[in-house]
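Q: How does the following fold in three dimensions:
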Amino acid sequence: MKTFVSIGMFMLLLGCSQEQPGADDEAGTSTASAAAIAESTGPANYPAEAFHTNTSLRMSDADGYAVSHDNQRVLISSDVSGIYNSQSVDITTGEVAALTESADDVNYAVSFFPADDRMLFAGDDGGNERFHVFVRELDGTVTDLTPDEEVRAGFFGWEDSGNYFYILSNELDPKTMDLYRVSADDYDRSLVFRNADALNLQALSGDGRWLAATQVNSNTDSEILLLDLAADPVTPELITDPDVEVSHSIYGFTPDNSALIYSSNHDGEFHAAYQFDLASGETSPYLNADWDIQYVRFSPSGRYRVWGVNADARTRIQIDDLIEGVNVPLADVPEGDISDVRFSRDEKQLVFMFSSDTAPRNLYVAALDGTGTAELTDTANPAIAESDLVATEVVRYESFDGLQIPGILYRPVTASAASPVPALVWVHGGPGGQSRTGFNPTIQHIVNNGYAVFAANNRGSSGYGKSFYHMDDKRHGEVDLDDIVAAKDFLARQPWIDGEHIGVIGGSYGGYMTVAALTFRPDAFKLGVDIFGVTNWVRTLKSIPPWWEANRRSLYDELGDPDAELERLRRISPLFHAENITKPLLVIQGANDPRVLQIESDEIVQTVRDNGVPVEYLVFPDEGHGFSKRENRIAASKAIVSFLETYL
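A: Residues are numbered from 1 along each chain as shown. So this is what the prediction gives:
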């Protein structure tokens, strides 16, 4: 089975690009001196460069071949050079080989070829999100398989034969992602399915016959459609009940191409897994948990299955041997989060990423026979003593109406009742995103400088059930904002917090909430840090990228139709009420952002300056919705801490 989720869940549409900062040869302090400082005076204080010179690693979301045909190498993306490039890591030695060496734009690794060391990777232009699919030949030459400058494309999976792979492209219509079949030999391609109805194409069976898609009816209702690509004509068949308002998503097909595994919240608050038998057309329960099941993956033959659960903002995984009928434990894995789990071709090993609150992602390999686990990379900056970083605590607080709101709390080591510290309420993107535990270098930098951070998962956040998720529908800037103010009140009640000095910070939708807090609750916070946040919902909803067409209904159902609900959208847009802003504001923006246009930040900055209020503004000309370059992440982190030192 090779599958690819073409467009993420709606909760991520306005979310920040979660780029984890990385490492280079510069280090703030030597390991020895850092340890000495920590021992003699408490935690050392490190510059932004130290936190953002860890190496960031990632693995492709697409279910291509992450492990080479000979089971010797793992394909990853790394920003060791300061920007993401593709690399391979030797499973035995950990030796790293650079496969791309871009200095300007990201090159994200996608997949090895099934029978040789050619590689597919993806990249865009300065963060504009018009990704192209490239092939790297054995001799290192690179070919753009989707060369039209205006096209957005993505890898969609391999056929089991290895002779063909599939891509999505919107070259025929900017609003629709069509499916193409590409020869692995000469890259000749043909149109397989013209997606005229702008469906969310999400998975393809390994034999190339069955295509699974979702159709979004609203932000509470989506259906699953199955398409037989061998039929003439290809006609989408609805396999879920259209009379029941339920949210569905697709995990993928089983390796034997006999069934589709998908998720539904039909029977409860959380997403469980179901199986649709392709031969009989029957649906049956497949997997269930106390939280949302995030993914279901299989080894090449289907013997092993791994599935992940979003358990209270942490990922919990289980590996099953389906032949023996037993769970497979991983030996010698420390406490933390396991992600990006992939099986080797021979099914003897498992590779995965591992991180914790105080350590960035590293690549691991584990023997499936339980004989041991090895760490293949060392991404942490040795200049920072891990003991100087802080672990998270998942806490809950009562909001204005008694609702319990979860959040992730970072407490500085120096904080005490005798020495209370200032604080920030951190608001995630989305609007339906989720702040989770794990390593966040920007937050650790802020906390290391003596500020508490509380990442509140206000109502409307994902991961806590469908009722909680929909509590802020068309009530944005109102009830969810009151949750953020209640988070500030919760912090102010802690004896180790200086309750008179609390600010608010967020990116994307969290940036909107930041500016909304300063606008509509002007006395609540001492300052705000807005990272590419929406300030004019009318403009943003009218200017969404064309490739979001499949999710337009859900977006409008969540936030409002800019043509039909103009008055309400103006009412919740800070730009139209910015005369209320009296507290200092820092705004950070990428010039190439296709989701939140730079004009959103330009206008709010100018308007607040006209109020005579202190405003600082940082624009990166080579970034989009999220900052992929280390030097820019360092500059942003420095600007934030400097702003806090001045005004908080």
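Q: Please, which helix or strand holds residue 512?
A: Assigned by DSSP states H and E, residue 512 falls within helix 509-520.
Q: Packing partners of that helix?
A: Packing contacts for helix 509-520, counted by 3 or more C-beta pairs under 8 Å, 6 or more residues apart in numbering; DSSP states H and E, involve strand 421-427, helix 479-492, strand 497-507, strand 528-531. Every residue, glycine included, has its C-beta placed from N, CA and C.
Q: make it 10 Å
A: Under the contact definition 3 or more C-beta pairs under 10 Å, 6 or more residues apart in numbering; DSSP states H and E, helix 509-520 sits against strand 421-427, strand 452-456, helix 479-492, strand 497-507, strand 528-531, helix 566-572, strand 585-590, helix 598-610.
Q: So for residue 56, which of these sits nearest?
A: Nearest to residue 56 among the helices and strands packed on helix 509-520 is strand 497-507; the distance by C-beta to C-beta comes to 16.7 Å.
Q: so can I have CSV of the helices and strands packed on helix 509-520 showing mean neighbour count, mean pLDDT and distance to residue 540?
A: Output for the helices and strands packed on helix 509-520, formatted as CSV (neighbours: other C-beta atoms under 10 Å; pLDDT from 0 to 100; distance: least, C-beta to C-beta, whole Å):
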stretch, mean neighbour count, mean pLDDT, distance to residue 540
strand 421-427, 28, 98, 17
strand 452-456, 26, 98, 23
helix 479-492, 22, 98, 17
strand 497-507, 23, 98, 15
strand 528-531, 29, 98, 14
helix 566-572, 16, 95, 9
strand 585-590, 26, 98, 13
helix 598-610, 19, 97, 7
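Q: Low-confidence ranges, this structure, go.
A: 1-42 (pLDDT under 70).
Q: run the last query once more with 90
A: Counting by pLDDT under 90, the chain has low-confidence residues at 1-43, 61-63, 216-220, 330-336, 370-371, 430, 544-558.
Q: just the strands in the stretch 301-450 of the chain please.
A: 304-311, 314-321, 326-327, 337-343, 349-356, 359-367, 373-375, 392-398, 404-410, 421-427 (DSSP state E, counting those that start in this stretch).
Q: Pick the most deeply packed of those strands.
A: Most buried of these by mean neighbour count (mean count of other C-beta atoms under 10 Å) is strand 421-427; its value is a mean of 28.
Q: Quick one: list the elements packing against it.
A: With contacts defined as 3+ C-beta pairs under 10 Å, 6+ apart, the packing partners of strand 421-427 are strand 404-410, helix 441-448, strand 452-456, helix 479-492, strand 497-507, helix 509-520, strand 528-531, helix 630-647.
Q: now with 7 Å?
A: Using 3 or more C-beta pairs under 7 Å, 6 or more residues apart in numbering; DSSP states H and E, the elements in contact with strand 421-427 are strand 452-456, helix 479-492, strand 497-507, helix 509-520.
Q: Quick check: which of these is nearest to residue 84?
A: strand 497-507 (18.5 Å).
Q: Can you tell me which of the strands of the stretch 301-450 of the chain is nearest to residue 187?
A: Between residue 187 and the strands of the stretch 301-450 of the chain, the shortest gap by C-beta to C-beta is with strand 337-343, which sits at 24.8 Å.
Q: ok, and what's touching stretch 104-124?
A: Contact partners of stretch 104-124, identified using C-beta atoms under 7 Å, 6 or more residues apart in numbering, comprise 60, 62, 64-65, 68-69, 75-77, 83-86, 99-100, 102, 125-126, 130-138, 154-155, 158, 162, 184, 628.
Q: hmm, I was thinking of stretch 302-315
A: The list of residues contacting stretch 302-315 from outside it, by C-beta under 7 Å, 6+ apart, reads 254-256, 287, 289, 291-298, 316-323, 328, 337-339, 341, 343, 347, 368, 394, 406, 408, 434-437, 463.
Q: circling back to that earlier point, would you reformat the helices and strands packed on strand 421-427 as a markdown table and include distance to residue 532?
A: Below are the helices and strands packed on strand 421-427 laid out as a markdown table (distance: least, C-beta to C-beta, whole Å):
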| stretch | distance to residue 532 |
| --- | --- |
| strand 452-456 | 18 |
| helix 479-492 | 18 |
| strand 497-507 | 6 |
| helix 509-520 | 6 |
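Q: Just the ones of the contacts of stretch 104-124 in strands?
A: 75-77, 85-86, 132-136, 154-155, 158 (DSSP state E).
Q: which of those residues lies closest to residue 421?
A: residue 77 (36.0 Å).
Q: and that closest one, what does it touch?
A: Applying C-beta under 7 Å, 6+ apart, one finds that residue 77 lies in contact with 57, 58, 84, 85, 86, 108, 109.
Q: Filter those down to the buried ones and hand me the ChimeraX line.
A: A single ChimeraX command suffices to select whichever of the contacts of residue 77 are buried according to 16 or more other C-beta atoms under 10 Å:
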select :57,58,84,85,86,108,109
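Q: want to throw the contacts of residue 77 into CSV with distance to residue 645?
A: Listed next are these as CSV, based on distance: C-beta to C-beta, whole Å:
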residue, distance to residue 645
57, 31
58, 32
84, 31
85, 34
86, 38
108, 35
109, 39
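Q: follow-up on the earlier one: give the buried subset of the contacts of stretch 104-124 as a PyMOL selection command.
A: The buried subset of the contacts of stretch 104-124, as determined by 16+ other C-beta under 10 Å, is captured in PyMOL by this line:
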select buried, resi 60+62+64+65+68+75+76+77+83+84+85+86+99+100+125+126+130+131+132+133+134+135+136+154+155+158+184+628
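Q: ok, of the ones in strands among the contacts of stretch 104-124, which one's closest to residue 94?
A: Distances from residue 94 to the ones in strands among the contacts of stretch 104-124, taken by C-beta to C-beta, are shortest for residue 76, at 11.7 Å.
Q: hang on, isn't the closest one packed against residue 59?
A: Yes: between residue 76 and residue 59 a contact is recorded at 5.6 Å, counting by C-beta atoms under 7 Å.
Q: got any residues that touch both of those two?
A: Listed as contacting both residue 76 and residue 59 by C-beta under 7 Å, 6+ apart is no residue at all.
Q: bridging residues for the closest residue to residue 332 other than its chain neighbours?
A: Distances taken as C-beta to C-beta, 6 or more residues apart in numbering place residue 373 nearest to residue 332, at 4.4 Å, with adjacent residues excluded. Beta-bridge partners of residue 373, counted by DSSP bridges, are residue 366.
Q: any idea how far residue 316 is from residue 373?
A: Distance of residue 373 to residue 316, computed by C-beta to C-beta, to the nearest Å: 17 Å.
Q: same question, residue 493
A: Look at residue 493 and residue 316: by C-beta to C-beta, they are 31 Å apart.
Q: could you pull out the strands for the stretch 1-150 of the chain?
A: Using DSSP E, counting those that start in this stretch, the strands of the stretch 1-150 of the chain run over residues 2-3, 57-58, 73-78, 85-90, 96-98, 108-112, 119-123, 132-136, 142-144.
Q: That'll do, ta.
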